[in-house]
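Undergrad: using only what follows, build the 3D model:
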Amino acid sequence: MKVIIIGGGWSGCAAAITAKKAGADVALYEKTDLLLGLGNVGGIFRNNGRYTAAEELINLGAGDLIHLMDDNAKHKNINFPEHNHASLYDVSKVEPVVRNYLADLGIEINLISRVATVEKDDNKIKCIKLQYGSLVEGDVFIDATGSTGAMDNCSKYGNGCVMCILRCPTFGSRVSISAKAGVKDLNSEREDGTPGAFSGSCEIPKDSLSDDIVRELDEKGVVVLKVPAEDVNPSKLKIKVCQQYALNQFAENLVLLDTGHIKLMSPFYPVDKLRKINGLEKVRFMDPYSGGKGNSIRYLAAAPRTNDLKVIGVDNLFCAGEKSGFFIGHTEAICTGSLSGHNAVRFLLNMPLLTLPTLTAIGDIIYYSNYRLTTSDGKKIRHTFSGAEYFERMKSLGLYSTDNEDIKNRIETLGLSNIFAKKLG
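TA: Have a look, this model is predicted:
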């Protein structure tokens, strides 16, 4: 059984792990020279409902990447505006840790391997074709290519190419595998109908901050700085993809988080205004380099799918991460990746595909995000365990919990304990 995964972000890595555990030979193809994609500038997990989802993953048998993030966390159980019990993993250390973990499992990792298109036989993908012509055959495929870029999209719908961590000028544009297979992509929309959304935050190097701010970040993991009254810009909150941060506190304050580099919780911020704030007089951006003007554009390429993450319209294609819906965050990507990798092997063994019940937070967000696309404003809503519309739903349904024993019992009662860790067939 050969499972081919296209895209090496958090979701692609999670899919590789569960497919391998289920008994398949797994090959992962990533166009850049790093795994984890936007995870190399992320760092936030276990905040709000992501805590519940992380513990569900662990009890489902797919906690591998959660444990690696826990092991490489710089700060644990920190709070910042409207976010509780967050952990921050070290973005400067986690990628090689994950890469080595996948390699030790026997997963074939192909970096700088840009997939250009697919070849089909009837309604099945037969093989992928790499940029320089090589053909790679497989039995089932997982599209984990994300939704960010390329440069023309960032220029058309944003403020131009800002040289983000994905480095499209070097490694080329993202390719939608589902679209290459003949399935039309779904685009999210902003309030004014413009496609996509600005990426959620920027990174600044720690050595460009004052010593006082660095000391506070080292100690607490978070620093909140007041924005001068004349620079408060609440209208910018509406364009930010991460609507869990679309709160007045994030317009009136600058929130800095220590993820190894310093995460600035704004999609962009003019450098001249940033340097007016005490302690930031010498600050500069490191990702995106043009963070004074804009950030990358995301959510331009979700695939239509069923709740078992099979792509509608292609017999042997699954999807994960942002390709499986308008999901925000690493935890959300790991959840969808874990299910798609597992179900890819079930598909090959002619077993019934697994749909996680809505009595789990993971199953419910996968269901609800699909349901919302059938509603009039569904393309304007992004989904995350950490805030905004879905977190409110999660709380109202009683799915949000920080009680590990309660979460464990929930998974046991459903008969799903370690289901992702078992070899199938």
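
Undergrad: first-to-last residue distance for stretch 98-117?
TA: End-to-end distance of stretch 98-117: 27 Å, with Cα to Cα, to the nearest Å as the criterion.

Undergrad: and the contacts of that stretch?
TA: Identification of contacts with stretch 98-117 by Cβ atoms under 8 Å, 6 or more residues apart in numbering yields 6, 8, 13, 16-17, 20, 25-36, 64-65, 68, 128-131, 145, 171-172, 175, 177, 180. C-beta: built from backbone N, CA, C; applies to glycine.

Undergrad: quick one, what contacts the closest residue to P205 other than its chain neighbours?
TA: Excluding the flanking residues, the one nearest P205 by Cβ to Cβ, 6 or more residues apart in numbering is M286, at 5.1 Å. Residues in contact with M286 (Cβ under 8 Å, 6+ apart) are E203, I204, P205, H261.

Undergrad: ok, of the residues you listed, which come out buried?
TA: Buried by 16 or more other Cβ atoms under 10 Å: E203, I204, H261, out of the contacts of M286.

Undergrad: pretty sure the last one contacts S201?
TA: Right, H261. No - when contacts are counted by Cβ atoms under 8 Å, H261 is not listed as touching S201 (10.8 Å).

Undergrad: shared neighbours, these two?
TA: V41.

Undergrad: just the ones of the contacts of M286 in helices?
TA: In helices, defined here by DSSP state H, there are no members of the contacts of M286.

Undergrad: want to throw these into JSON lines with pLDDT?
TA: Compiled in JSON lines, the contacts of M286 are given as follows (pLDDT from 0 to 100):
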{"residue": "E203", "pLDDT": "95"}
{"residue": "I204", "pLDDT": "95"}
{"residue": "P205", "pLDDT": "95"}
{"residue": "H261", "pLDDT": "93"}
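
Undergrad: the longest helix seen in the chain packs against which elements?
TA: Criterion DSSP H: the longest helix present in the chain is helix 330-348. Applying 3 or more Cβ pairs under 8 Å, 6 or more residues apart in numbering; DSSP states H and E, we find helix 330-348 packed against strand 2-6, helix 10-21, strand 44-45, helix 49-60, helix 64-71, strand 140-143, strand 317-319, helix 361-372.

Undergrad: minimum distance to D122: which of the ones you listed has it?
TA: Closest to D122 of those is strand 317-319 (Cβ to Cβ; 13.1 Å).

Undergrad: can you list the residues that contact that closest one?
TA: 15, 125, 140-144, 177-178, 181, 183, 302-303, 305, 309-311, 336, 340, 343-344, 347.

Undergrad: just read off the phi/psi values of the most far-flung residue of the chain relative to its centre.
TA: Within the chain, the residue lying farthest from the chain centre (Cα atoms, centre = their mean) is E230, at 33.9 Å. With angles defined as degrees, to the nearest 10, E230 sits at phi -70, psi -10.

Undergrad: for N295, same thing?
TA: phi -140, psi 170.

Undergrad: that one touches F268, doesn't it?
TA: Yes - with contact defined as Cβ under 8 Å, N295 and F268 form a contacting pair (5.5 Å).

Undergrad: more neighbours: which of those two?
TA: Neighbour totals were compared for N295 and F268, and N295 leads with 28 against 25 (other Cβ atoms under 10 Å).

Undergrad: show me where the stretch 251-400 of the chain has its strands.
TA: 253-259, 261-264, 297-298, 317-319 (DSSP state E, counting those that start in this stretch).

Undergrad: of all the ones you listed, which one is nearest A388?
TA: Among these, strand 297-298 sits nearest to A388 (Cβ to Cβ), with 15.5 Å.

Undergrad: show me how far the closest one is from its chain's centre.
TA: In terms of Cα atoms, centre = their mean, to the nearest Å, the centre of strand 297-298 is set 12 Å apart from its chain centre.

Undergrad: could you list every helix and strand that that strand packs against?
TA: helix 151-157, strand 197-198.

Undergrad: partners of that strand in the sheet?
TA: strand 197-198 (antiparallel) (DSSP bridges).

Undergrad: what are the phi and psi angles of E82?
TA: The phi/psi pair for E82 (degrees, to the nearest 10) is phi 60, psi 20.

Undergrad: ok, it to V255 distance?
TA: 10 Å (Cβ to Cβ, to the nearest Å).

Undergrad: in JSON lines, list the helices and strands packed on strand 297-298 along with mean neighbour count and distance to I213.
TA: Below are the helices and strands packed on strand 297-298 laid out as JSON lines (neighbours: other Cβ atoms under 10 Å; distance: least, Cβ to Cβ, whole Å):
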{"stretch": "helix 151-157", "mean neighbour count": "18", "distance to I213": "30"}
{"stretch": "strand 197-198", "mean neighbour count": "28", "distance to I213": "25"}
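
Undergrad: out of those, which is closest to T355?
TA: Going by Cβ to Cβ, the one of the helices and strands packed on strand 297-298 nearest T355 is strand 197-198, 27.8 Å.

Undergrad: ok now do the residue nearest to N48 when sequence neighbours are not counted, which residues does it touch?
TA: Of all residues not flanking N48 in the chain, S386 sits nearest, at 4.4 Å (Cβ to Cβ, 6+ apart). Residues near S386 by Cβ under 8 Å, 6+ apart: I44, N47, N48, G49, R50, H83, Q244, I328, G329.

Undergrad: tell me if I'm right that the last one and F385 touch.
TA: Yes - here G329 reaches F385: they are 7.1 Å apart, a contact under Cβ under 8 Å.

Undergrad: what do these two both touch?
TA: R50.

Undergrad: more neighbours: these two, which one.
TA: Taking neighbours as other Cβ under 10 Å, G329 and F385 compare with F385 leading, 31 against 28.

Undergrad: need the contact list for that one.
TA: F385 touches N48, G49, R50, T52, A53, G329, T331, E332, A361, I365, F391, M394, counting by Cβ under 8 Å, 6+ apart.

Undergrad: what pLDDT does the model give it?
TA: If you check F385, the pLDDT there is 97.

Undergrad: over to E82?
TA: Reported pLDDT for E82: 87.
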